[in-house]
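Enquirer: Fold the following and give me the result.
(chains A and B)
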Amino acid sequence: MAERRSAVILTAGALALLVYALAFASPYGLRVLTVAGVYALAAFGFQIVFGLGGALSLAQGAFFGVGAYVTGILGSRHGLGFEATFPLSMLVPFLLALPVGLAVLRLESHYFALATLGIAQVLHLLAVNLPELTGGSNGLAGVPAAVLFGWAVPRGLPMAGLVWGLVALGGLIGWRLARGRLGRSLTMLRDDPLAAGTLGLDVGRLRLAAFGISALFAGAAGALAVHTQRVVSPEVLEFPVMVSILTISIVGGRGRMAGAVLGAVLLLHLPEWFRFLERGYLVIYGAALLLTIVLAPDGLTGLLHRLTARLYGGKPRALVEAREPPPPPALPEGLAVEGLRKYFGGVQAVDRVSLDLRPGTITGLIGPNGSGKSTVINLLSGLERPDAGRVRLGGQDVTGARADRLARAGLARSFQAAALPAGAGVLEAVAAARLAFDRDAATAEAHAHWALDRLGVGELAGESCDGLPAALRRRVELARALVRRPAVLLLDEPAAGLTDGEKADLAALLRDLAGEGMAILLVEHDMGFLLPLAGRVLCLDRGQLIYDGPAGEVRRDQAVATAYLGRAGSA
Amino acid sequence: MAAFQLLVNGVALGAAYALVALGFVLVLNATSAVNFAQGDLVMAGGLLAVALAPLIPLPGIVLLPVVLVLMAALGLLMALAAYLPLRRRPPVSVFISTIAVGIILQNGAAILFGPEPRAAPPLFGDDTLHIGGLAVPEQSLAIVAVAALLIGAQQWVFARTQLGRRLRATAQDPEMARACGVPVTAMILVTFAIGAACAGAAGLLLANRYFVTPTSGGDLILKAYIAVTVGGWGSVPGAVVGALLIALFEVGVSSVLSYPVALGALYLTLLAILVLRPQGLFGEAVRRRG
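Expert: Below is the predicted model:
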C-alpha cells in the first residue's frame, strides 16, 4: 500500500533526524536544524496557499516577519510571555491577511503576486521607519526565551525539540487539510478556476481560507525564529526570507507537507557546504530553484513518489462503495430567461434572448458558428455576466449570480472540450464536483462512484484521466455534471466525436434523465442526434433567436435555412 | 525654480524607468510571461557599466553599446535557460524560474561586487548647465535624450522593419504567427534580448546619479510592474506613460515628505488600483489568451 510505504519513509526520516540531533549534532548543527524546523513550519502554509491553491503569495515572508515582530515587541518591550505572544504572533498576520485577501484574491495570479509583494514592501518600510515601535533598522534585542509552563526553553536541544514538536503538529494539520475537502477543492481551482466555479466551488472564499491559514503558519514560524535568534530586525521582512520559503517548497515538492520538511532540512544545510560564498549563498537557492522547476517540477518528494511507485508498482486504491447522492432540489419553474443581452466591446453577442427550460424537457439550441450559442451557455451558467435581462432559477432571481452560486442552486454544465484535470484519477475528478456539497472527501468519492456506475463506466474509477479515449473522457465529464444531481443541465456539444452507438447510448441516458424531471439544454450541431431527442428547438443567428418551436418543424423553417446557408446576395 | 528642477529630475528618472517597463512589457506581450528578473537585469546592467568603466576610460555614452550587446546576450541566455524549457507549462512556472534568475543575478553580484553602492560614469559629463537662469544637470538631460532615442529606436524597429513585424506578430498571436511562417521561437529569443538590453541601458543610466547595489533590482521590478499595471497590462505606450507618472510621483512626494513615504504611498496606490481598477488606468490592452 502506498500509504504504508509513505509512513515507513516518513518514520525513517524522522528517526534519522532524531538520531542526528541527539548523538551527532554540534551546538551549531542543532541551531541550523532548529532554523530548518522554523522554515518548514512557514513552508507548510505556503504549500497550502501556493502548492495546493496555486496563488503565488509573495507575502509569506512578510507574514513570517510580522509574527517575528509581534513576539519581539511584546516579549522584549512589554514582558509578555510565550503563552500570550505565540498565539498573538499567529493572530496578527492572520488578521492582516483577511482584508488583504478579500481585496486581491480574485485578481489574476500575476496581479496577486504583485499585490502581495507590495504589501511585503510596505511592511518592510514600516519596520525600518517606525523606530519607536520596531527599533528601526537596528531592530530589538533582548527577546526572552520561550517559556513553557514556567520553564524557559534554552537554546540547543530543548529549543530544537520545541520547534520540531510544533513542526510535527503543524505538518499533521497541514497534511490533513491537504488530503481533505479543502486541499482537494484548492487543487481543483488551481488547475482550472473556471471549471471549479461551475462545480460550485467559491473560488474567492477558498483562496481566502488558504491565504489565512498560510498566515497562521508563517506567524508561528516567525515567533519561533525570534525565540531562537533572541533579536528581531528588518531582515526578517526582507525578500531572502520569501525566497527561502519559495525555494524550500518547490525543491521539496509543491503541495506536499513532507516536501516542506525535506526542502527545509536540505536547503538550510546547503549554505554550510558552500561557506566560501558567504552572504551570496542564496545564489545556490536560485540555482536549485531553477533546476527544480525546469527538470523536476514535482520536486524531490515528487521524484521519490514516482520512484517508489515504479519500484513497487502503482498505487492500488481501495475503492469506496458507491452511494447515491441526495436527490436534486425540486425547481418546478426550471430556468427562465428573459431579454438576455451581452455586448463584447461594441459587438452584440447575445441580443434579447428569452427561453424557458422546464423540468422533464429537453430543449435544443442550434445556430451557425459564432451565432452566440456558447455565450448563451456561459451567461446561463454564470461565467459571463449579462448586460441586460433577467434570469430566474426555480423562481428565484439569479441574474448576474456567479457560477458557483448557480451550481449550488442546482445548475450544471459541461464544456465543449472536456476539461478534466491532468494527472488526476477518474474517481477523484468526478468527486471534485461534489466537494461543494458533501461533508468530506470520502462521501464525495462514494457519490462519484455512483455517477460512474450510472453512466456504465464504474470500472474506470481506478484509472487516470490522462490517456482516456475521447468518448470515455466525455462520459467522465458527464458524470461530473450528473453526480451533483442538478435540476437544470446545460450540455455543450455532448455528441461531438461519438460513434453512432455511443450517440444512441447518450440519447437514451438523456431521455432517462429528463424522465426523472431534469431540465436539459443541448447545444448541438448534429441534427440527426438532436431533433429526435429534443421537444423544442431554439435557433440563434447573430445573437438573436430566429426560431423557437417544435423540433419537427425546424428543418422547414425559412429563416433557419437562410441563417445556415447564407443570405441571397451576400458572398 | 525648484519645481522646474524637480520636473527635470522626475522626467529623467521616468525616462530610465520607462526603459525598464518597456523591456518588461515587450517580453510580457511576446510570451504572456512575467519576467520577474527585469529589475535584477537593470542592476546587472548598472554593475556591468561599473565594471567596464576602468577598462574603457571614456564617457558612459561609449559604454552604452557594449552594455547593450552584453546584456542582450544575457537576455538570450536567460530565455534559453529559464523560458524555453517551460513554455508549455502554466505561466506561474516561468514566474518562478525568473525569480530564480533574479536570485542568481542578485547574489552573484553580491559575491562579485560586495554590498557597497557603486556609481557608473556619467553619459557625457558631470557639469550643470545654466539655461536662461535655470540650472540643469547635464546627466539628467543626457538620460532623457538617450532613453528617448532608445525607445524611439525600438518603436521604429517594431513599426517599420521586417523583424519588427515578425516580433509584433509573435506578440499578438504566436499560433497564428507560426502558421504564417514566422520563426516564433527565434522571435521570442530576440524579444528577451531586447528586453534585457533595455534593462541594461536603464541600469547604465541610473547607476550614475542613483548608484547601484546588488539589491537595487527589487524596487525596480516593482516599479516596472506598477508602471505596466497603471498603463494597462500589455500596453507599450501605457508602460512608458506609467513609468513617467511613477517617477514624477516619487520625486514630487520625496521632495515634500521623504523617499520612504513616497515609496509607501506608491505601493498603497498600486494596491488601490489593483482593487478598484485591475484593468489599469487606461484599460487593459490584451485580453487573456484562451
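
Enquirer: Around chain A, pick out the residues from the stretch 151-290 of chain B.
Expert: Remark: the part of the stretch 151-290 of chain B in contact with chain A comprises B:218-219, B:222, B:225-226, B:229, B:260, B:263-264, B:267-268, B:270-271, B:274-275, B:278, B:288, using C-beta under 8 Å from any C-beta of the partner chain. Glycine gets a C-beta too; all of them are placed from N, C-alpha and C.

Enquirer: Throw together a ChimeraX command that grabs the buried residues out of those.
Expert: Command for ChimeraX, covering only those of those found buried under the criterion 16 or more other C-beta atoms under 10 Å in any protein chain shown:
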select /B:218,222,225,226,229,263,264,267,270,271,274,278
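
Enquirer: Determine the number of other residues adjacent to A:R176.
Expert: 12 (other C-beta atoms under 10 Å in any protein chain shown).

Enquirer: before we move on, back to that, looking at the residues of the stretch 151-290 of chain B next to chain A, which are in helices?
Expert: B:218-219, B:222, B:225-226, B:229, B:260, B:263-264, B:267-268, B:270-271, B:274-275 (DSSP state H).

Enquirer: Residues of the stretch 1-150 of chain B that sit close to chain A?
Expert: In this structure, the stretch 1-150 of chain B approaches chain A at residues B:34, B:81-82, B:85-86, B:89, B:91-93, B:95-97, B:99-104, B:106-108, B:110-111, B:115, judged by C-beta under 8 Å from any C-beta.

Enquirer: Report the buried members of those residues.
Expert: B:34, B:81-82, B:85-86, B:91-93, B:95-97, B:99-104, B:106-108, B:110-111.

Enquirer: Poorly predicted segments of chain A, please.
Expert: In the prediction, chain A carries residues with pLDDT under 70 at positions A:1-3, A:106, A:313-319, A:417-418, A:566-571.

Enquirer: Okay, and which of the residues of the stretch 1-150 of chain B next to chain A map to helices?
Expert: Secondary structure of these is defined by DSSP H; positions in helices are B:91-93, B:95-97, B:99-104, B:106-108, B:110-111.

Enquirer: can you give me the strands for the chain?
Expert: I'll assume chain A. In chain order, chain A shows strands spanning A:147-148, A:151-152, A:335-344, A:347-357, A:362-366, A:388-393, A:396-397, A:411-413, A:488-492, A:519-523, A:536-541, A:544-550, with DSSP state E as the criterion.

Enquirer: To clarify, I was referring to chain B.
Expert: Assigned by DSSP E, the strands in chain B fall at B:128-131, B:134-137.

Enquirer: what's the domain layout of chain A?
Expert: Here the domain assignment for chain A is A:2-312, A:335-565, based on automatic domain parsing.

Enquirer: quick one: which of those is nearest B:A51?
Expert: When these are ranked by proximity to B:A51, the top entry is domain A:2-312, at 16.3 Å, counting by C-beta to C-beta.

Enquirer: could you point out the longest helix in the chain?
Expert: Answering for chain A, as no chain was given. For chain A, assigning by DSSP H, the longest helix comes out as helix A:203-229.

Enquirer: Chain B, not that one
Expert: Scanning chain B for the longest helix, with DSSP H as the assignment, gives helix B:2-31.

Enquirer: Show me what from the stretch 201-350 of chain A comes close to chain B.
Expert: Residues of the stretch 201-350 of chain A lying near chain B (C-beta under 8 Å from any C-beta): A:239, A:243, A:246, A:250, A:277-283, A:285-287, A:289-290, A:293-294, A:297.

Enquirer: make it 10 Å
Expert: Where proximity means C-beta under 10 Å from any C-beta of the partner chain, the interface of the stretch 201-350 of chain A facing chain B comprises A:238-240, A:242-244, A:246-247, A:250, A:254, A:276-295, A:297, A:344-345.

Enquirer: which one of the strands of chain B lies closest to A:G65?
Expert: Of all those, the one in closest proximity to A:G65, counting by C-beta to C-beta, is strand B:134-137 (38.0 Å).

Enquirer: Quickly run through the sheet partners of the closest one, with directions.
Expert: Strand B:134-137 has the following sheet partners, assigned by DSSP bridges: strand B:128-131 (antiparallel).

Enquirer: now what about the partner strand, what contacts it?
Expert: With C-beta atoms under 10 Å, 6 or more residues apart in numbering or on different chains as the contact definition, strand B:128-131 has outside contacts at B:134-141.
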